[in-house]
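*Asks:* all I have is the shape, not the residue letters:
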């Protein structure tokens, strides 16, 4: 897994000529500082105000927003579907689940119209909200909740917990690993979005990393590789930050 | 006291009246499909315009690529969020011209007249002008970046192989191909089977590509690929060349077929006039030439090719004031000076005669001979076919061409069968488009 | 269903409301539009719109390329799902064992999996390009690999790129699932059963079934729908359209070809196919999963 990433990194430290003639490299070159400096500071776009750093920040905001909102809403929805006895539980699950079957790319123009009618074009809200209702996340948490032993709920009820208390004090802490996993997954999903930001934003200050990759750095230059390495930083930060939650390991009690 | 006060009021009023009104400049939004170097050239033009006057501010936005921009702009139009002007490419011309009647697109010629803009129709090079005009010859799109397919030659390789003259015809190419191959180089590559060796085969040899006079007289129902013997012969030759190692096929992507030429491994590469800006400084010693033709098929005559690239289209739904500003901008962009600047930096053709005259007047082509080929090839006269084609669903038809070209070149099917398949696929797509008119 | 449940009217709707609201507004409205479009003929801008019944369906399905895309999609789904699930599981199990041991391996193991999907889309292209690609030359030296020309090589290219990306997701979720299996159970089972292999299959794997079920469905959905990005940046359907999946074809027809009716029709067909597969799985497989 690490090997391809190493190759990209190594290639990013060479100069153009080497890459063009010999292809990607295994060993390190000597252009590390020059290449990265160029990529970080090269101003692109019309306003000359977009740099790789500003795009990284945009992508981060968007991905973070999507991941957070998704995890929150689906955690709650899955809870309802599994732990509450009411007629609509199953139909609601299927309504949510069916959205997996029509991907964004195939309904992008109507989606854009909806967003525009709500006046959300060129806003972070418009970028984040439509992508934050993930059936995958709801399905995932549903699976997890179903595998939680009933004894837990019985014990909680004996303690006098109502549905809110049970959720916040018992279920959520138990779900930490799952939450971390889903957060990472949704973060990367949001981070990777190309088509939606492209169609939805007309203002350059909302450009994301992936958009920048295709427009500014779409050249034969070696900067591409440096840019790719830089674009990996936000996901890595997220993982490092979340790893405590992710790895229960020795600290699991009960 | 009262008198002083009145005087003060008068003074303040006078001061206010004498200030020019600081209205914010009108923002003109322009979407284009360029990236990299070409994008920075557009940005430069925008900066110059904005610096030159206060009334309007041009804000160009790149939408990634020609295909993406078409979809993005349509989505935006349906949501009422479209820009003032959008750049749409040659394959999208049919769609845009068809939208005049639906009120989406405003014809350039009409708008220019309406807003009193200096506009001399005959100044535009006919091949360029007619491509983006309707069947009556009225200019709808504003020609902007007009390229055509040209042949790039690596002069160092030619010298090493002992070739002294650049071939003008394919017959001449065949004469020297083996020599180049023996010297260890790839004789020929090309980057776009649909545009270069289909659409522009027909143009270069003065042959009609679809019925309905290439769509200018009637909505096309079929393409004439398999029905044109010269075309079949050409592709049979291409297959022969591939088998002999005179032509190498690197798949369908533009870049993959260009890469060996840039790396100095190939003698000739058929690309676009616009490829110039990316090549300068990378390939040491290259020349830009007219694309070859079969002398036996044209009786020795060289016909002009179609333009490629894109045009700028004026979209509806904006205020009169904005259109007035927009037309002034359009006028600016078509002045000889700006055209020459764009021509020089990008390699795209100068679209008017006055621009070409300016170039000649300052000896431009002496300093930079690369740029001459595109204008020359587009200005050739004597063709009897229309200056372009008007067929819907053309991007899809290009897909069908890509698929069949591959099968033909790998020997899976015969050349004739391949083009018959393409005709069949194209006919279906054309029928589908006709239903929407 | 859980044996013990709540029934609080307000709470249950409150908890499900946010997601439902977003879905109904931002997903269902567009979906309804797409489905309506499937039954109309219109130009790219929506003009000249008229109801045309099943015309679009017939037009799309009567294309020879449709059948080809269909066959390829089925093969594609099976291969991708199988390999990415099994490799993901394998790697997760190994990582799990390591994590129980040394602590400084932790970070090193996980972050490549978080990054890979973001990177695969763009870089698969580089690794497999004739000029730059290490993987291209590697395979080329072995058997003359050339995905530009050879169908099977193109298949392999696409399979590798799509699988690589999905292994990461599977890894993360399997690992999460493994981590939540209580340590006490593992320790108890270690006493009962010395063989790692047997212990895995008799104790661990059944406990992982909820996660596995989830992942199989997600993988199928992924392979069916979300891989169009991968295909768009790798082969683009090359060498001559053989590596187009159904969803990619619909995307090209709709987005590039601007034939909204046809794309809508194809979407409906695809949705029905996956719906059938999924309902089947829920009915027959989920019943056998022991949730706790």
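*Replies:* That came through fine. No experiment lies behind these values; they were computed from the predicted model shown. Numbering: from 1, shown residues only, chains lettered A, B, ... in the order given.
*Asks:* what's the domain layout of chain B?
*Replies:* B:26-146+B:308-378, B:149-305+B:394-434 (automatic domain parsing).
*Asks:* got the end-to-end distance for the last one?
*Replies:* When you say that, I think you mean domain B:149-305+B:394-434. Separation of the first and last residues of domain B:149-305+B:394-434 by CA to CA, to the nearest Å is 29 Å.
*Asks:* now the helix or strand hosting residue C:21: buried residues?
*Replies:* Using DSSP states H and E, residue C:21 maps to helix C:9-22. For helix C:9-22, the neighbour count (16 or more other CB atoms under 10 Å in any protein chain shown) marks C:11-12, C:15-16, C:18-20, C:22 as buried. Any C-beta I mention is one placed from the backbone N, CA and C, and that applies to glycine too.
*Asks:* how about low-confidence regions in chain C?
*Replies:* Across chain C, the ranges flagged by pLDDT under 70 are C:1-4, C:7, C:98-111, C:114, C:116-119, C:121, C:182-184, C:193-194, C:238, C:290-292.
*Asks:* circling back to that earlier point, show me what the helix holding residue C:21 is packed up against.
*Replies:* Judged by 3 or more CB pairs under 8 Å, 6 or more residues apart in numbering or on different chains; DSSP states H and E, the packing partners of helix C:9-22 are helix A:52-83, helix A:89-98.
*Asks:* would you pull up how far it lies from the middle of the chain?
*Replies:* 28 Å (CA atoms, centre = their mean, to the nearest Å).
*Asks:* quick one, it and helix A:52-83 angle?
*Replies:* Put simply, helix C:9-22 runs at 140 degrees to helix A:52-83, going by axes from the mean of the first three to the mean of the last three CA atoms, to 10 degrees.
*Asks:* run the angle between helix C:9-22 and helix A:89-98 for me.
*Replies:* Put simply, helix C:9-22 runs at 20 degrees to helix A:89-98, going by the same axes, to 10 degrees.
*Asks:* what's the next secondary structure element after helix C:9-22?
*Replies:* Next along the chain from helix C:9-22, counting by DSSP H and E, comes helix C:29-38.
*Asks:* that next one near chain B anywhere?
*Replies:* No: Helix C:29-38 is not in contact with chain B by CB under 8 Å from any CB of the partner chain; minimum separation 10.3 Å.
*Asks:* quick one: contacts of that helix?
*Replies:* The contact list for helix C:29-38 (CB atoms under 8 Å, 6 or more residues apart in numbering or on different chains) reads A:99, A:102, A:106-107, A:110-111, A:113-114, C:56-57, C:260-261, C:263-265, C:267-268.
*Asks:* beyond it, next helix or strand please.
*Replies:* Per DSSP H and E, helix C:29-38 leads on to strand C:40-41 as the next helix or strand towards the C-terminus.
*Asks:* is any residue of that next one near chain A?
*Replies:* No: judged by CB under 8 Å from any CB, strand C:40-41 stays clear of chain A, getting no closer than 12.9 Å.
*Asks:* next structured bit after that strand?
*Replies:* Assigned by DSSP H and E, the successor of strand C:40-41 is strand C:50-51.
*Asks:* list the helices and strands that next one packs on?
*Replies:* Strand C:50-51 packs on strand C:40-41, going by 3+ CB pairs under 8 Å, 6+ apart.
*Asks:* roughly how far is the strand it packs on from the heart of the chain?
*Replies:* With CA atoms, centre = their mean, you get 31 Å for strand C:40-41.
*Asks:* that strand pairs with which strands, parallel or anti?
*Replies:* strand C:50-51 (antiparallel) (DSSP bridges).
*Asks:* show me where pLDDT drops low in the chain?
*Replies:* No chain specified, so I'll use chain A. Where chain A drops to pLDDT under 70, the residues are A:1-2, A:16-23, A:38-51, A:213-223, A:244, A:246-254.
*Asks:* my question was about chain B
*Replies:* Checking chain B against pLDDT under 70 turns up B:1-23.
*Asks:* buried stuff in stretch B:163-177?
*Replies:* For stretch B:163-177, burial by neighbour count (16+ other CB under 10 Å) applies to B:163, B:166-170, B:173-174, B:176-177.
*Asks:* no wait, stretch C:166-177
*Replies:* Across stretch C:166-177, burial judged by 16+ other CB under 10 Å covers C:166-177.
*Asks:* neighbouring contacts of it?
*Replies:* When contacts are defined by CB under 8 Å, 6+ apart, stretch C:166-177 is touched by residues A:1, A:140, A:177-178, A:180-181, A:184-185, A:246, C:80, C:83-85, C:87-89, C:91-93, C:95-96, C:110, C:112-114, C:116-117, C:208, C:210-212, C:214-215, C:218-219, C:222-223.
*Asks:* same thing but 7 Å
*Replies:* Outside stretch C:166-177, the residues that touch it by CB atoms under 7 Å, 6 or more residues apart in numbering or on different chains are A:177-178, A:181, A:184-185, A:246, C:80, C:84-85, C:87-89, C:91-92, C:95-96, C:113, C:116-117, C:208, C:211, C:215, C:219, C:222.
*Asks:* over to stretch B:99-112?
*Replies:* Under CB under 7 Å, 6+ apart, the answer for stretch B:99-112 is B:77, B:96, B:119, B:134, B:138-142, B:313-316, B:323, B:327, C:45, C:47.
*Asks:* try stretch B:192-199
*Replies:* Against stretch B:192-199 from outside (CB under 7 Å, 6+ apart): B:149, B:190, B:209, B:254, B:270, B:306, B:308, B:389, B:398, B:401-402, B:405.
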